[in-house]
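A.B. asks: could you work out the structure for the sequence below:
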Amino acid sequence: MSTSNWSKSSWKAFPAMQQPDWPDLELYKGTLNEIESLPPLVFAGEIRSLRQQLAAAAQGKAFLLQGGDCAEEFNQCTAPTIRETLKVILQMAVVMTYGGERPVVKVGRIAGQYAKPRSKPTEMVNGQELPSFRGDLINSAEPTLAGRTPDVKKLLSGYFYSASTLNLLRAFTRGGYASLEEVHSWNKEFVKNSKAGKSYEKMATDIEKALKFMNVIGLNLDSNPQLKEVDFYTSHEALLLGYEEALTRQDTLTNKWYDCSAHMLWIGDRTRQLDGAHIEFFRGINNPIGVKIGPNHSMDEVKKMLSILNPNNEWGRITLITRFGKDQIQDYLPGLVRGVEEEGQRVLWSCDPMHGNTYVSGSKYKTRKVEDILSEIRSFFAIHKAEGTVAGGVHFELTGKDVTECVGGAQQISDGQLEENYATSCDPRLNAQQSLELAFLIAEILKG
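C.D. replies: Residues are numbered from 1 along each chain as shown. This next block holds a predicted model:
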């Protein structure tokens, strides 16, 4: 990978979008120096393992499942919240692994998804114009000028909340909680108790038979400790470049640079300017990179961006996360796929069926329809099949909690029910039942 004239601070010579105006720059610099002296949150070897797995997904030998909160909140950094998010992703992965007959690469939007880009720097709250809430890494959702003023101490808090979350994730994924048998027992509960469960009874029974067969031939937890463990990776949108720079470290084995704030990072639709600071920062780190692509992309820009970010055209380096909405995916995705294919660029294609399907309901809540989400997923698979390319992954905003933020699905959550448990600080998320319902449907699509 060409990193000529690159350093972890070279982004500062480029225009940086979506960066807060920190009131005290000396304090800001001192805080970043402190973060720079703290241990990395993830390790280069883990990042390399994820890249290998994403390379397999890009070639149809695995499948990427990326999911988690729209914006994590510091006050939700609790064992139950982390456990339930992990649990639903693991449940989805088992179903999709069985249906697709290929490994599922599990990546959480977790342990660092604390900053959000905003379309406007200010918003009206109770008749008062205030700075927009940009996520717990920057300011507070509290509707006061003091609360909305960027607070440098939150950067340090974000580091420690991420470390705390990672600590628990590592314990859960290595300590038997994530074992195949355990996850399957949760799925049996879903099938038994949910309205949607009945239609998935056959697949659950088939998985049960496969597990019994494994047990009979001696492939069980006692003889194969790896069945108790699972690879689980973290990701977030790398928005705050000062924070990301402070966690970028040189690997002693390879001398390459890795952003050790997460295993995988993505560039948002609002920050992927070719002459911008985000592209400059990303071109020099060796993490796998996601790039969000919406309807406002230009094919020429996408091609140039790929040549900057992946000059050696390596598998596993780039994941293109498309976010068009069910009504526009047919207009945009085929042309995008053809353009990238013409360049011979090796990318993993992933579908974000959330962001293009958001609307404000009659009850004034921002929401999404489960049916619209599924519609975009179906189109994504159909278009890739028609183009002869690999539909390699999905990207969801979800929670393990029983929230009422997206309408429809087997629970038939209505517009009027949104207020019952509408808990998001940002965009509407799928709840645990809706997430699993979609996993079973994707498993059926993968089965063909």
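A.B. asks: what is the neighbour count of Phe43?
C.D. replies: 15 (other C-beta atoms under 10 Å). Any C-beta I mention is one placed from the backbone N, CA and C, and that applies to glycine too.
A.B. asks: quick one: contacts for the nearest residue to it once chain neighbours are set aside?
C.D. replies: Nearest residue to Phe43 in three dimensions, chain neighbours excluded: Cys260, at 7.1 Å (C-beta to C-beta, 6 or more residues apart in numbering). With contact set as C-beta atoms under 8 Å, 6 or more residues apart in numbering, Cys260 has these partners: 40-44, 47, 247-249.
A.B. asks: Ala210 touches Glu101, doesn't it?
C.D. replies: No: counting by C-beta atoms under 8 Å, Ala210 stays clear of Glu101, with 11.0 Å between them.
A.B. asks: could you measure from Glu26 over to Ala277?
C.D. replies: 21 Å (C-beta to C-beta, to the nearest Å).
A.B. asks: next one: Ser179
C.D. replies: Taking C-beta to C-beta, one finds Ser179 at 43 Å from Ala277.
A.B. asks: then Asp327?
C.D. replies: From Asp327 to Ala277 the distance is 33 Å (C-beta to C-beta).
A.B. asks: same check on Glu208?
C.D. replies: Counting by C-beta to C-beta, the gap from Glu208 to Ala277 is 51 Å.
A.B. asks: in its sheet, what does the host helix or strand of Leu320 sit against?
C.D. replies: Leu320 is part of strand 318-322, with elements assigned from DSSP states H and E. When sheet partners are counted by DSSP bridges, strand 318-322 sits next to strand 289-293 (parallel), strand 348-351 (parallel).
A.B. asks: so where's this protein shaky on pLDDT?
C.D. replies: 1-3, 221, 223, 226 (pLDDT under 70).
A.B. asks: one more time with 80, if that's ok
C.D. replies: Scanning the chain for pLDDT under 80 picks out 1-4, 176, 178-180, 194-200, 219-228.
A.B. asks: nearest residue to the middle of it?
C.D. replies: Centroid-nearest residue in the chain, with C-alpha atoms, centre = their mean: Arg109, separated by 3.9 Å.
A.B. asks: now the strands: where do they sit in the stretch 151-300 of the chain?
C.D. replies: 233-237, 248-250, 257-259, 264-267, 289-293 (DSSP state E, counting those that start in this stretch).
A.B. asks: could you export these as TSV, including distance to Ile308?
C.D. replies: Shown next, in TSV, are the strands of the stretch 151-300 of the chain (distance: least, C-beta to C-beta, whole Å):
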stretch	distance to Ile308
strand 233-237	19
strand 248-250	18
strand 257-259	16
strand 264-267	11
strand 289-293	11
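A.B. asks: Leu50 reaches Ser235, doesn't it?
C.D. replies: No: the pair Leu50 and Ser235 fails to qualify as a contact (C-beta under 8 Å) at a distance of 9.1 Å.
A.B. asks: spit out the residues that contact these two alike.
C.D. replies: Here Leu50 and Ser235 share the contacting residues 107, 263-264, scored by C-beta under 8 Å, 6+ apart.
A.B. asks: how about the closest residue in space to Gln52 that isn't next to it in sequence, secondary structure?
C.D. replies: Counting by C-beta to C-beta, 6+ apart, the nearest residue to Gln52 once its immediate chain neighbours are dropped is Gly316, at 6.3 Å. Assigned by DSSP: H, G, I helix; E, B strand; the rest coil, the conformation of Gly316 is coil.
A.B. asks: can you give me the neighbour number for Phe63?
C.D. replies: For Phe63, the count of nearby residues is 27 (other C-beta under 10 Å).
A.B. asks: which residue sits closest to Leu436, ignoring its sequence neighbours?
C.D. replies: Phe190 (5.3 Å).
A.B. asks: repeat that for Pro103.
C.D. replies: Leaving aside its chain neighbours, Pro103 sits nearest to Ala62 (4.6 Å; criterion: C-beta to C-beta, 6+ apart).
A.B. asks: what sits against the one you found?
C.D. replies: Ala62 neighbours (C-beta under 8 Å, 6+ apart): 53-54, 56, 102-105.
A.B. asks: widest-spaced pair of the residues you listed?
C.D. replies: Leu54 and Arg102 (13.1 Å; C-beta to C-beta).
A.B. asks: tell me which of those two has more neighbours.
C.D. replies: Taking other C-beta under 10 Å, Leu54 and Arg102 do not tie; Leu54 has more neighbours (29 against 16).
A.B. asks: list the buried residues for the helix or strand harbouring that one?
C.D. replies: The secondary structure element spanning Leu54 is helix 44-58 (assigned by DSSP H and E). Neighbour counts over helix 44-58 (16 or more other C-beta atoms under 10 Å) mark 44, 47-48, 50-51, 53-58 as buried.
A.B. asks: which one of these sits closest to Val95?
C.D. replies: Nearest to Val95 among the buried residues of helix 44-58: Ala57, at 16.8 Å, using C-beta to C-beta.
A.B. asks: I'd say that closest one and Gly393 touch.
C.D. replies: Yes: the criterion here is C-beta under 8 Å, and Ala57 meets it with Gly393 at 5.9 Å.
A.B. asks: overlap of the contact sets of these two?
C.D. replies: Common neighbours of Ala57 and Gly393, counting by C-beta under 8 Å, 6+ apart, are 63-64, 105, 348.
A.B. asks: quick one: which of those residues is nearest Val230?
C.D. replies: Using C-beta to C-beta, the shared contacts of Ala57 and Gly393 come closest to Val230 at Val105, 10.9 Å.
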